[in-house]
Each structure stands twice: as structure tokens, then as C-alpha cells.
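Student: Next come a sequence and a model predicted from it.
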Amino acid sequence: MFDHVFRPGTLGRLRLPHRVVMGAMHLNLEALDDGGAALAAFYAERARGAAGLLVTGGTAVNPEGAGGPGYGIAGEPAHEEALRRTAAAVHEAGGLLALQLFHAGRYALPGAPGTDGGPGWAPSPVPSRFTRTTPRELSDARIRATVEDFARAARRAVALGFDAVEVMGSEGYLVNQFTAPLTNTRDDEWGGDAERRRRFPVAVAAAVREAVGADFPVLFRMSGADLVEGGTPREDVGALAVALAAAGVDALAVGIGWHESPVPTVQAQVPAGTWATYAKDVKQALRAGGHGALPVIASNRYSRLAQVDEVLAAGDVDFVALARPFLADPGIVAKSRAGRPDTVDVCLACNEACIDRSFGTERVSCLVNPRSGYEAEFPLTVRERRGRYAVIGAGPAGLEAARTLARLGQEVEVLEAESEPGGQFRWAARVPGKEDFGETVRHHVRELAGLGVRLRLGHRVGHRDLAHLRGFDGVVLATGVLAHRPDLPGLALPHVLDYQRAFADPEALGPRVAIIGGGGVGVDLAHLLTADPQLKRTPEAFLARHALTAGGPVARLAPRTASAAPRRVTVVRRGRRMGAGIGPSTRWVVLDELRAAGVRLLTGTGVEEITRDGVVVRDAEGGRELIAADHVVLATGQEPERDVAVTLRRAGVPFEVAGGAAGTGALNAVRATAEGLRAAHRLLDGR
């Protein structure tokens with residue numbers, strides 16, 4: 001199985017057992033004051049899962065290169081001690097570790113160590129929509145010093161016991177900023193034409209090569225496509241690849257897109273393998289330039305090794321870097337190599353606990369694997385004492401609590417009122433691009449069965465269960481939420497239904513639908529109701545929709561024709577922010593798709609009443625309007641289902657609450673699964 005993935009390969013002097021590289025991720029573990037315990041535990045677990053070569057999140061080569069307050073900096077004693085400990089832990093676990101050398105440039109966020117309260121540093125003072133600041137321009141002297149800082153950081157990597165380094169030259173960070181006309185408007189030896197714009201990345205590569213010696217592996221992550229107007233021209237990408245090869249790098253990893261790009265690159269809406277064409281272009285440029293043997297590493301938007309095997313089989317790239325899939329399942333390689341890919345926890349590309357957190361200070365983790373980033377805090381150690389525990393509710397929180405208890409050696413029984421497990425994930429899985437939410441449920445159910453967990457469906461816990469509940473050492477209450485019904489005139493009309501009924505049978509809804517409530521649930525429902533059944537979700541179709549196949553201007557989605565939209569949908573939200581609660585890296589993508597589908601999005605709009613003809617609303621200026629609708633769907637929030645708590649108190653059984661049952665404030669799936677994990681540990685630890 002996966003013959004192309006499990007062919008050995010080489011990167012410089014490194015001999016690797018397969019063609020998967022664990023790509024770099026900033027984790028917000030790098031600057032923790034714990035001596036590197038969390039960082040070492042995170043990478044060691046992936047090495048034990050047969051990751052092979054792992055690349056760390058970016059270590060800033062100098063203070064002004066840090067992307068934010070959670071970044072480590074080369075030369076800082078505390079960070080270097082954490083790195084030394086991490087390299088040793090990875091080696092002990094049988095893996096290899098590369099240190100990524102990083103400089104944020106104009107993407108340095110407020111609060112980054114070297115910004116001194118001001119903006120970051122860049123080739124030219126071009127404003128950034130990502131940071132909402134205008135960077136300071138690097139002088140010639142600062143540029144030369146920064147080149148030396150990359151070399152110095154590379155020397156430190158050798159001294160700290162790393163096996164390789166990777167220069168971060170993609171995703172719109174400093175090195176990439178020098179190659180793009182948009183951000184490099186200089187007219188000196190560092191800019192002015194294509195050759196001078198690539199002088200900085202080539203100088204960095206050459207300096208790093210000299211610093212580490214001829215046989216120490218040097219990887220360079222370059223941008224295959226910036227996907228911004230004024231980004232690096234396509235022909236310049238190939239020329240840069242050849243120049244980097246001549247400078248002595250051992251491999252080129254190909255990244256895609258900037259944080260300011262109007263085209264999604266890593267979201268669930270992007271089909272797997274979409275960006276392989278740009279890695280193929282780099283390989284072709286290398287072949288034409290006489291460097292065809294140099295390995296090329298494709299990346300971005302793979303979640304399964306079957307997808308990796310397919311792109312490797314084409315022969316246009318040599319390795320594939322996976323990042324978020326290793327958050328979802330540290331054992332993705334080991335399980336797949338053992339012929340058990342169906343046991344892999346699949347990355348949902350939701351970005352909520354990983355990419356969205358990486359731009360702040362909260363520890364990066366994973367919706368489907370909330371242990372990610374917390375491996376040292378929640379070790380998978382079977383407890384000496386075996387107890388008997390119940391989990392009430394088989395939604396995201398309950399499934400996570402059950403598998404945590406079972407993994408730790410406990411006897412577990414799950415009681416679920418519905419005829420199917422999954423809770424709100426059942427509805428999410430119906431939304432285009434979110435199908436893998438259903439796979440998460442199926443995976444958890446399979447894993448629970450393998451761990452000997454008893455799953456009782458269609459069993460609503462009540463007073464009749466008192467005697468049964470008293471036989472458990474503890475209970476996790478994860479009964480989830482009920483749809484909130486607001487106090488509105490016309491609520492009892494027959495064409496009014498809550499979002500759960502709408503998700504359960506969307507085909508029953510008429511051609512005109514008004515959705516009251518524009519949070520994540522309302523937006524997801526609008527997406528489901530307006531999905532184009534003829535839309536092909538292939539890499540080729542995606543590239544064509546975003547005008548990337550013709551090499552035209554990079555632009556947001558164009559509206560579909562009215563005939564392509566199966567329904568006319570209006571979403572009404574009292575607040576000013578449509579889709580509030582959706583992660584920032586995904587929200588804009590979803591709203592773009594809704595606008596392209598002709599969905600009418602009304603914010604700052606209150607509902608006065610529901611009539612037989614539709615919904616009467618009033619906007620912030622006092623304007624009154626009847627929105628015609630065949631069906632009106634309530635997506636106005638949720639309430640905790642807490643009736644079972646009374647039964648548990650009567651039974652006198654210790655219990656912990658997780659997910660929606662604990663409260664609906666700031667409720668999302670990330671919170672639910674994290675609380676399921678923690679509730680299980682609190683029960684076992686008696687806290």
C-alpha cells in the first residue's frame with residue numbers, strides 16, 4: 001500500500017525511510033517557560049509515529065525577525081536550551097530534525113520582540129493588510145547584517161544537534177518579500193529588476209551553506225506562487241529555483257500563497273493536490289537549468305497518504321510535506337505503513353485550533369486531537385487502577401472523553417439519546433468542504449470499538465437509570481445543546497423550523513429561504529442550501545474558478561449565474577459581523593462562496609415578526625422590509641441540555657461536564673473536544 005510514499009529517499013546526506021516530511025508549524029510552544037518540555041514532547045511523539053524528517057516551526061534569526069511574542073529567537077539561551085532538548089528527544093525517538101530559520105519581515109505582528117512597539121522591517125515601506133501596518137525599510141547595512149544572522153542561526157543549529165536547516169523563503173515572509181515587485185520597490189543592488197530582487201534569497205542560501213559546511217543538509221522553502229497582485233512573476237520563480245540550486249541548497253520545498261492572498265490555499269474548500277502544479281513547475285525549471293536531480297518537496301492541502309502517493313506517482317515531485325495532518329494524528333505514517341490508513345485521525349483543514357491560534361499567543365492544538373501541543377500534560381499512560389466510567393452523549397465532546405478514558409485503560413460505556421453518534425458533527429458533514437467531519441465521527445466510533453467501549457444508541461438517560469449510573473466510578477456529561485427558540489411573533493407558523501430540522505432534510509425546503517441568525521450554524525446552512533450540485537471539486541476546477549489557469553489577475557470568486565443557484569437564500573443577523581465565531585482564516589473564504597452563490601447577507605438587521613409570506617425585518621436606519629420566504633429557519637443560538645445533571649446528582653455519582661452541556665458561551669467544536677479530554681483526566685485524577 002502506498003508504494004510511492006514508502007520508497008526511501010535522500011535529502012543531502014540524510015537517508016529517509018519514506019517520502020513524507022513533517023512540515024514546519026509555529027506552535028506557540030517555542031517561547032514557553034518550561035525548559036522545552038512541551039516542545040520536546042510534541043516533536044518526539046511525531047518521531048515515534050515514524051515521521052522521519054521533521055521541520056520545526058520558525059526560529060527567528062534575530063529579534064526583529066520574530067513573527068510575534070510566541071516565537072523563539074536564535075541565540076536566546078532559554079530558547080536554545082528548548083531546541084537542544086527537542087533535538088535530543090527526537091533522536092531518541094528515532095527521528096531527524098531540521099531547524100527552520102525564519103524572519104517575518106513586514107508580517108511581524110504587534111508585540112513581536114524586535115518591533116519595539118513599531119512595525120516590522122521589510123525591503124520597502126509597503127503597507128500590509130495582514131498586520132495593518134506599514135513596515136520600516138531595511139537599509140543596506142541591515143540587509144547585510146540579516147544575511148549574517150541567517151548564517152549565525154544555521155551555525156547554532158549545528159551546535160544544538162540538529163540534522164538539517166530550512167530557510168523560510170515562502171508565504172510572504174521577509175525572504176519572499178524581496179522577490180515580489182509588490183513589496184520590493186528598491187532600486188539598488190537588492191531590487192529594481194528580477195535578478196536584483198532574488199539577490200537576497202540567494203545571498204541567504206549561500207551564507208547558510210558556507211556557515212554549516214559542504215555536507216550539512218540545507219533545505220530552502222520558496223514560494224511557488226504568491227497569489228497576490230504584484231507577487232513574484234511566474235518566470236522569476238523558476239529562475240530563483242535554479243539560482244538557489246547553484247548556491248548549494250540540498251532541496252527546495254515549495255510553499256503557496258501569502259496571508260494577503262484573495263485565493264484560499266489551506267482551507268477545507270481547497271481540493272487535495274491543488275498546488276502540486278506549482279511544485280511541478282519548479283521541478284521543470286530545475287531540469288531545464290541542469291539541476292534536475294535536486295529534490296523538490298510539494299506541500300499544502302494534503303490530508304491522507306493516498307493523496308500523497310498519487311502526487312508522487314506522477315513523478316513531478318520527490319517528497320511531500322504534511323503539517324496539520326501530524327497535528328490530527330502523530331501516527332499517520334506508522335498507521336498507514338502498517339496497512340491501517342482507516343485508523344488515521346483525518347485533518348479537517350478547519351484551522352481553528354492551529355493556524356488561527358498561531359497568529360496569537362494561545363497554544364496551537366487540533367480540533368480532532370486536543371492532545372496536540374499538550375502531550376507532556378496528558379501522556380498516554382495506562383493507569384494502574386482500572387475503573388468503570390460512563391459518558392453521556394456521543395457528540396464531539398463525548399466521543400473525545402470516551403476515547404481518552406479508554407486509552408488510559410478504563411472500562412467505558414457511552415449512552416447516546418439519538419440513533420446516530422456525532423452530535424452537531426452530523427450536520428457539519430453535510431456542508432460542502434466539511435465532509436470529513438463525518439469521517440471524524442466514523443473514526444472515533446471505530447477506535448472506541450477497538451478499545452472495547454460499549455456504545456448504546458437511542459438511550460436517553462433518565463430517572464430509570466439511577467441504579468445503573470450508581471455502578472460507575474464517574475461520568476462525563478456531554479449531552480450537547482438544544483436549538484434556542486427566540487420570542488418572536490409568528491414562531492408557531494408551519495413553515496418555521498429550527499436549524500437541526502433544516503440540516504436533517506434540506507431537500508424539503510422551498511426555493512426561497514430566510515435564515516434568522518448569521519453565526520457559524522446559519523452560514524453553514526446557507527452554504528448547504530446554495531451549493532451548486534454541478535460544481536466539480538477538483539484541483540483543475542478550483543484553479544479555473546480562481547482564474548489561475550489562464551495566468552490572469554488574482555481575484556476573488558466571481559458570482560455564479562442566477563440559474564446555477566438552487567435557492568434564493570437570505571441570512572439575517574442582528575450583529576454587525578456575519579459568520580462571527582468562524583475562524584479568521586476560514587470566515588472570508590466561506591463568505592466569498594456565499595456571495596458568489598447569490599446569498600443575501602444582512603447584518604445590523606433585527607427581525608420584527610414572521611408572517612405567512614416571510615420575515616419582516618428592520619435595518620439599523622429604521623427601514624422596514626418583508627423578506628419573502630417559503631421557509632424560515634431559526635439559527636438563533638443554542639441552549640445547554642442539562643436535565644441529566646439532576647439525575648446524576650440524585651445518583652450521587654461524581655461527574656464532569658464538557659462541551660455544550662457546560663455552557664454555550666464561545667462554544668465551538670475545538671472547545672468541546674478539549675473539554676472532553678480534560679473532563680476525562682479530571683475524573684481520573686480526582687480533581
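Tutor: Arrived safely, thanks for sending. Numbering: from 1, shown residues only.

Student: Where do the domain boundaries of the protein fall?
Tutor: Taking automatic domain parsing as the reference, the chain has its domains at 9-358, 388-482+641-685, 485-636.

Student: With distance to Asp3 and mean pLDDT as added columns, please give the ones you listed in a markdown table.
Tutor: In this view, the C-beta of every residue, glycine as well, is placed from N, C-alpha and C. Shown next, in a markdown table, are these (distance: least, C-beta to C-beta, whole Å; pLDDT from 0 to 100):
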| stretch | distance to Asp3 | mean pLDDT |
| --- | --- | --- |
| domain 9-358 | 7 | 96 |
| domain 388-482+641-685 | 24 | 94 |
| domain 485-636 | 22 | 91 |
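
Student: In a markdown table, list those domains along with mean neighbour count and distance to Val364.
Tutor: Listed next are the domains of the chain as a markdown table, based on neighbours: other C-beta atoms under 10 Å; distance: least, C-beta to C-beta, whole Å:
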| stretch | mean neighbour count | distance to Val364 |
| --- | --- | --- |
| domain 9-358 | 21 | 4 |
| domain 388-482+641-685 | 20 | 11 |
| domain 485-636 | 17 | 13 |
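
Student: Switch those domains over to TSV; also include distance to Val382.
Tutor: Shown next, in TSV, are the domains of the chain (distance: least, C-beta to C-beta, whole Å):
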stretch	distance to Val382
domain 9-358	16
domain 388-482+641-685	4
domain 485-636	35
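
Student: which one of those lies closest to Glu377?
Tutor: domain 9-358 (7.6 Å; C-beta to C-beta).

Student: Ok, which of the domains of the chain comes nearest Ser372?
Tutor: Evaluated over the domains of the chain, closeness to Ser372 peaks at domain 9-358, with 4.6 Å, by C-beta to C-beta.

Student: and Thr381, which of the domains of the chain is closest to it?
Tutor: Closest among those, once you apply C-beta to C-beta, is domain 388-482+641-685, at 7.2 Å.

Student: Quote the end-to-end distance of the closest one.
Tutor: 14 Å (C-alpha to C-alpha, to the nearest Å).

Student: Same check on stretch 190-201?
Tutor: Counting by C-alpha to C-alpha, you get 10 Å between the two ends of stretch 190-201.

Student: Now do it: everything it contacts.
Tutor: For stretch 190-201, contacts defined as C-beta atoms under 8 Å, 6 or more residues apart in numbering pick out 123-124, 140, 143, 147, 167, 169, 175, 178-181, 184-186, 188-189, 220, 222, 232-233, 235-236, 239-240, 243-244.

Student: can you do 7 Å?
Tutor: The contact list for stretch 190-201 (C-beta atoms under 7 Å, 6 or more residues apart in numbering) reads 123, 143, 169, 175, 178-179, 184-186, 189, 236, 239-240, 243-244.

Student: going on from the biggest helix by length in the chain, what's the next piece of helix or strand?
Tutor: In the chain, with assignment by DSSP state H, the single longest helix is helix 140-159. Beyond helix 140-159 in the direction of the C-terminus, DSSP states H and E gives the next helix or strand as strand 164-169.

Student: neighbouring contacts of the helix or strand following that following strand?
Tutor: On the C-terminal side of strand 164-169, the closest following helix or strand by DSSP H and E is helix 174-179. Where contact means C-beta under 7 Å, 6+ apart, the residues beyond helix 174-179 that reach it are 65, 103-106, 122-123, 167-170, 183-184, 190, 197-198, 200-201, 204, 223, 226, 232, 236, 240.

Student: about what we covered before: which among the domains of the chain is found nearest to Pro370?
Tutor: Across the domains of the chain, Pro370 has its closest neighbour in domain 388-482+641-685 (4.3 Å, C-beta to C-beta).

Student: centre of the chain versus that closest one, how much separation?
Tutor: Taking C-alpha atoms, centre = their mean, to the nearest Å, one finds the center of domain 388-482+641-685 at 24 Å from the center of the full chain.

Student: With stretch 639-655 instead?
Tutor: On C-alpha atoms, centre = their mean, the centre of stretch 639-655 falls 35 Å from the chain's centre.

Student: ok, residues contacting that stretch?
Tutor: 392, 461-463, 465-466, 469-470, 472, 474-477, 479-482, 484, 660-661, 663-664, 683.

Student: Try it again at 6 Å.
Tutor: Contact with stretch 639-655 is made by 392, 461, 463, 466, 469-470, 472, 474-475, 477, 479-480, 482, 484, 660-661, 663-664, as judged by C-beta atoms under 6 Å, 6 or more residues apart in numbering.

Student: Can you list the residue ranges for strands in the stretch 251-400 of the chain?
Tutor: With DSSP state E, counting those that start in this stretch as the criterion, the stretch 251-400 of the chain has strands at 251-256, 296-299, 319-322, 388-392.

Student: so which of those comes closest to Ala338?
Tutor: Closest of the strands of the stretch 251-400 of the chain to Ala338 is strand 319-322, at 17.4 Å (criterion: C-beta to C-beta).

Student: Indicate each strand paired with that closest one and its parallel or antiparallel sense.
Tutor: Paired neighbours of strand 319-322 in the sheet (DSSP bridges): strand 20-22 (parallel), strand 296-299 (parallel).

Student: Give me the nearest residue to Thr636, chain neighbours excluded.
Tutor: Spatial nearest neighbour of Thr636, chain neighbours left out: Gly517 (4.3 Å); criterion: C-beta to C-beta, 6 or more residues apart in numbering.

Student: State the distance from the one you found to Ala502.
Tutor: Applying C-beta to C-beta, to the nearest Å, the value for Gly517 to Ala502 is 11 Å.

Student: Could you check how far the closest residue to Arg388 other than its chain neighbours is from Val644?
Tutor: Among residues not flanking Arg388 along the chain, Glu411 sits closest, at 4.6 Å (C-beta to C-beta, 6+ apart). Look at Glu411 and Val644: by C-beta to C-beta, they are 20 Å apart.

Student: quick one on the thing from earlier: just put the strands paired with strand 319-322 in JSON lines and tack on distance to Ala402.
Tutor: Formatted as JSON lines, these follow (distance: least, C-beta to C-beta, whole Å):
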{"stretch": "strand 20-22", "distance to Ala402": "28"}
{"stretch": "strand 296-299", "distance to Ala402": "34"}
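
Student: Among those, which comes closest to Leu305?
Tutor: Nearest to Leu305 among the strands paired with strand 319-322 is strand 20-22 (7.2 Å), distances taken as C-beta to C-beta.

Student: Report the secondary structure state of the residue lying farthest from the centre of the chain.
Tutor: Distance from the centre of the chain peaks at Ala467, with 43.9 Å (C-alpha atoms, centre = their mean). Three-state call for Ala467 (DSSP: H, G, I helix; E, B strand; the rest coil): helix.

Student: mind listing which of the contacts of stretch 639-655 are in strands?
Tutor: Within the contacts of stretch 639-655, residues falling in strands by DSSP state E are Ile392, Gly474, Val475, Leu477, Leu482.
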